[in-house]
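Undergrad: Fold the stuff below for me.
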Amino acid sequence: MPHYPRFLTRALILTTCSLALLSSTRAQTAGEKIDLLISEANLGKPPVLWFASDPKINLGTGPKIWAAQSGGQLAARGADAWGRPAAAFGLAGDAKGGVAVSGSTATNVINPKSGAVLLFFRPSENAVPPMMLFSRADWGNPNYLSLRINSVAAQLELALGVADARSKDKAVQAPLATLTPGAWTFVAVTWREIDGLCRFNYWAGDLASGELTEGGLETTPLDPAPGIFMLAGRRADTIAKYATDPLLFTGGLLQHFALYDEALSEDVVKRIYLAARHR
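TA: Below you'll find the model as predicted:
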């Protein structure tokens, strides 16, 4: 064994310890921070179900029967909001009606009394709206709840659609934000039934600007009967039944979709957004 001067031996020991300490206290990346924040966002309880950087569902607190199926898989891959390769996902090329979550009609996957949904998404630069990011049931159904992208004055607009028995069409839409094609955008929607009405709060903003739009909407309560839960489109059988466009979220990418059975606080939503902006 070679002989080192005492001071050099001490320096080697200190260097080794410092490297070990640095590796054990490595700063979390933005993506890792979001993983942690989402999993702990609701008072330490994970989401009912969520997709992180993989197109398979991370079951969270949901039953094991849930899986992505029907009309295609979330299998197209691309770089996510923080540049990690193949970590975001979109619809596969052969998708027909979006992706249903099996079991979502057998159990109340979306709590009508109090809940939240949040996700990051990137609309394609060649996007042709309208496109559906997620939906519960169909327009006019008392279970209706959706996020979709519309075309307004030649711009892309993110809109929240919810059931409202007071409306002639039984559903209303609220514009949330103007979108920039090709830019990663964060959106969160919470709802809570209070005094006979359902109060929706929403936040939306792209990750580049740092500006988070927020607002609210009141409707009649959501029907407690479960409605099928869809990602990135509308069910193929619904398309055939109503002879409507598929409303597929084609060419775009999704990241960190999370669904909760309790409303998130404004503080939690903003912490997730702020963490996401730090690459």
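Undergrad: Tell me if I'm right that Ala92 and Ala76 touch.
TA: Yes - at 5.7 Å, Ala92 and Ala76 qualify as touching, with contact defined as Cβ atoms under 8 Å. C-beta coordinates here come from the backbone N, C-alpha and C atoms, glycine included.
Undergrad: mind listing the strands for the stretch 101-250 of the chain?
TA: For the stretch 101-250 of the chain, the strands defined by DSSP state E, counting those that start in this stretch occupy 114-122, 131-136, 145-152, 155-163, 171-179, 185-194, 197-206, 213-219, 229-231.
Undergrad: Low-confidence stretches in this protein?
TA: Applying pLDDT under 70 to the chain flags residues 1-26, 43, 53-59, 62-73, 102-108, 278-279.
Undergrad: most centrally placed residue in it?
TA: In the chain, the C-alpha nearest the mean C-alpha coordinate belongs to Leu119, at 2.0 Å (Cα atoms, centre = their mean).
Undergrad: sorry, back to before: out of the strands of the stretch 101-250 of the chain, nearest to Ala263?
TA: Closest approach to Ala263 among those (Cβ to Cβ): strand 185-194, 4.0 Å.
Undergrad: In the closest one, which residues are buried?
TA: Neighbour-count burial for strand 185-194 flags 185-193 (criterion: 16 or more other Cβ atoms under 10 Å).
Undergrad: Make CSV out of these and add distance to Leu49.
TA: What follows is the buried residues of strand 185-194, written out as CSV (distance: Cβ to Cβ, whole Å):
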residue, distance to Leu49
Thr185, 21
Phe186, 19
Val187, 17
Ala188, 16
Val189, 16
Thr190, 17
Trp191, 17
Arg192, 20
Glu193, 21
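Undergrad: Just the endpoints, please. Distance across stretch 97-116?
TA: 24 Å (Cα to Cα, to the nearest Å).
Undergrad: where do the helices sit along the stretch 1-150 of the chain?
TA: Taking DSSP state H, counting those that start in this stretch as the criterion, the stretch 1-150 of the chain carries its helices at 6-24, 30-40.
Undergrad: got the angle between the shortest one and strand 114-122?
TA: Looking back up the chat, that one is helix 30-40. 170 degrees (axes from the mean of the first three to the mean of the last three Cα atoms, to 10 degrees).
Undergrad: So which elements touch helix 30-40?
TA: When contacts are defined as 3 or more Cβ pairs under 8 Å, 6 or more residues apart in numbering; DSSP states H and E, helix 30-40 packs onto strand 253-260, helix 266-277.
Undergrad: Columns mean neighbour count and distance to Met131 on top of the ones you listed, output as JSON lines?
TA: Converted to JSON lines, the helices and strands packed on helix 30-40 look like this (neighbours: other Cβ atoms under 10 Å; distance: least, Cβ to Cβ, whole Å):
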{"stretch": "strand 253-260", "mean neighbour count": "25", "distance to Met131": "12"}
{"stretch": "helix 266-277", "mean neighbour count": "18", "distance to Met131": "22"}
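Undergrad: Take these and lay them out in JSON lines including distance to Pro221.
TA: What follows is the helices and strands packed on helix 30-40, written out as JSON lines (distance: least, Cβ to Cβ, whole Å):
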{"stretch": "strand 253-260", "distance to Pro221": "18"}
{"stretch": "helix 266-277", "distance to Pro221": "22"}
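Undergrad: Great, nothing more from me.
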